[in-house]
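1. requesting a structural model of the entry that follows:
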Amino acid sequence: MASQPSLSDLRRAKFARRTPAALSELAGPEHGTVSLPLHLAWSGLTTFDLDQPRLRMSYYRILLAEGQHDDLVRYLNRQLLVSLWPTLRTLISRDVREVWEHSFDELAHSAQAAA
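-> This is a model prediction of the structure:
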């Protein structure tokens with residue numbers, strides 16, 4: 001009898017389906033104010049000033065947890081993601097972190113360099 005996948009395996013598969021093929025696809029803004037649609041920011045704040053570090057980090061946490069592929073490509077910025085990753089990786093779920101670091105060596109390396 002085949003074993004059932006764990007809840008963590010199912011979550012990782014869900015996040016893996018959403019990730020872009022390459023970080024270079026991430027074409028989101030680096031600065032300014034961004035309003036996220038309610039399907040992403042459904043539990044509170046919807047407008048984020050990316051020039052304020054705490055709001056920028058919240059924005060990235062929301063997108064990594066809730067974003068579908070098209071949301072990630074539209075709203076995340078490659079340079080910001082890589083620069084935020086050493087801290088951001090400690091603020092997101094283990095499943096999200098593992099999927100992104102497994103998918104993108106650049107993120108795994110930036111986490112190791114910061115350690």
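2. can you report phi and psi for Arg89?
-> Dihedral angles of Arg89 (phi, psi; degrees, to the nearest 10) stand at phi -60, psi -20.
3. run through who's touching the longest helix anywhere in the chain.
-> Longest helix in the chain by number of residues, with DSSP state H as the criterion: helix 53-66. Here helix 53-66 makes contact (CB atoms under 8 Å, 6 or more residues apart in numbering) with 34, 36, 39-42, 45, 48-50, 71-72, 75-76, 80-81, 84, 87-88, 91-93, 96, 100. For every residue, glycine as well, the C-beta is placed using N, CA and C.
4. same check on stretch 75-89?
-> Taking CB under 8 Å, 6+ apart as the rule, stretch 75-89 contacts 23-24, 26-30, 34, 36, 40, 50, 56-57, 59-61, 63-64, 67, 97, 100-101, 106-107, 110-111, 113-115.
5. now with 6 Å, please.
-> 23, 26, 28, 30, 60, 63, 97, 106-107, 110-111, 114 (CB atoms under 6 Å, 6 or more residues apart in numbering).
6. quick one: buried residues of it?
-> By neighbour count with 16 or more other CB atoms under 10 Å, stretch 75-89 contains the buried residues 75-78, 80-82, 84-85, 88-89.
7. for stretch 103-115, same thing?
-> Buried residues in stretch 103-115, counted by 16+ other CB under 10 Å: 103-104, 107-108, 110-111.
8. send the alpha carbons of it over as PDB?
-> Presented in PDB, the C-alpha positions along stretch 103-115 are these (Å, rounded to 0.1, in the frame of the first residue of the first chain):
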ATOM      1  CA  SER A 103      14.500  26.100  -6.800                       C
ATOM      2  CA  PHE A 104      17.000  29.000  -6.800                       C
ATOM      3  CA  ASP A 105      20.700  28.400  -5.900                       C
ATOM      4  CA  GLU A 106      21.200  32.100  -5.700                       C
ATOM      5  CA  LEU A 107      18.800  32.300  -2.700                       C
ATOM      6  CA  ALA A 108      20.400  29.300  -1.000                       C
ATOM      7  CA  HIS A 109      23.900  30.800  -1.500                       C
ATOM      8  CA  SER A 110      22.800  34.200  -0.100                       C
ATOM      9  CA  ALA A 111      21.400  32.500   3.000                       C
ATOM     10  CA  GLN A 112      24.700  30.600   3.500                       C
ATOM     11  CA  ALA A 113      26.800  33.800   3.000                       C
ATOM     12  CA  ALA A 114      24.800  35.600   5.600                       C
ATOM     13  CA  ALA A 115      25.100  32.700   8.200                       C
END
